[in-house]
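In: Here is a sequence with its predicted model. Questions after.
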Amino acid sequence: MYVVGADKAMAAAVDRSPMLLHMQSLPKLLESIAATETPDINDRTRKLLAKPAVSDGIARKIENKLDELIPIYVGDLADGEVSGHELNGKMEIDDFTVLAASNQDISVILKVRIPLKINIDFEDRSSAFYDNEDDIYVGTEFAQTNIEDEPIIRVFAKLTRKPPSVVGIQIMTSEFEVYDNYDDY
């Protein structure tokens, strides 16, 4: 979020927040936005994101906020619901959009592919029978399974150029749908 104004106390407060962007004036804001569309800034951002201090920093910060992700099971397992999830590989940045840039900072929206192992609790009806009169399954058992998925989430990140580092991130896509894994025949 942009905060526009010349007040020094407000600027200091905004600079301490990893999610806010301070601009002195509306013309400075428009200049910054226009600068984000140049091939030069996109190239510099791509190089910055490739540096281990930045890419590893983004991965660590996302991993620390992994519990903010909310997988929603929409598959075919009876009464299936997600009971947990964990990282299952290395995250990859698929794409980025530069929101603001200065000599020191770059703020971006990242599309990050996150490999997850998702635990699903469900009602196993394989040995149960259906009671038409009561409209229920009798003899169901509690079961669990895992689904591997690689959702792409959007993440806001504020980066510094010198030294290359991640000031902060905010996960923007918290909910995503999870489907059953089917083999292709």
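Out: Received the coordinates, thanks.

In: Please state the offset of stretch 120-127 from the chain centre?
Out: 30 Å (CA atoms, centre = their mean, to the nearest Å).

In: A helix includes Asp15, no?
Out: Yes: Asp15 forms part of a helix when assessed by DSSP: H, G, I helix; E, B strand; the rest coil.

In: per-residue confidence for it?
Out: pLDDT recorded at Asp15 is 72.

In: isn't it right up against Met23?
Out: No: at 11.6 Å, Asp15 does not count as touching Met23 under the criterion of CB atoms under 8 Å. Bear in mind the C-beta positions are built from the backbone N, C-alpha and C, glycine included.

In: which of the two has more neighbours?
Out: Met23 (21 against 14; other CB atoms under 10 Å).

In: any idea how far the more buried one is from Arg113?
Out: In this view, Met23 and Arg113 are 31 Å apart by CB to CB, to the nearest Å.

In: In what element of secondary structure is the residue nearest the centre of the chain found?
Out: With distances taken as CA atoms, centre = their mean, the residue of the chain nearest its centroid is Ile153 (3.7 Å). Counting by DSSP states H and E, the element that carries Ile153 is strand 152-160.

In: contacts for whatever helix or strand comes next after that strand?
Out: Later in the chain than strand 152-160, the nearest helix or strand by DSSP H and E is strand 165-171. For strand 165-171, the external contacting residues (CB atoms under 8 Å, 6 or more residues apart in numbering) are 17-19, 53-54, 57-58, 61-62, 65, 68-69, 105, 153-160.

In: by contact count, what packs against the strand holding Ile153?
Out: The helices and strands touching strand 152-160, judged by 3 or more CB pairs under 8 Å, 6 or more residues apart in numbering; DSSP states H and E, are helix 39-50, helix 52-64, strand 105-113, strand 165-171.

In: residue contacts, the residue of the chain most remote from its centre?
Out: Distance from the centre of the chain peaks at Glu133, with 46.5 Å (CA atoms, centre = their mean). Under the criterion of CB under 8 Å, 6+ apart, Glu133 has no neighbours.

In: shift numbering so it begins at 240
Out: I'll keep to 240 as the first residue from here, and by that count the last item is Glu372.
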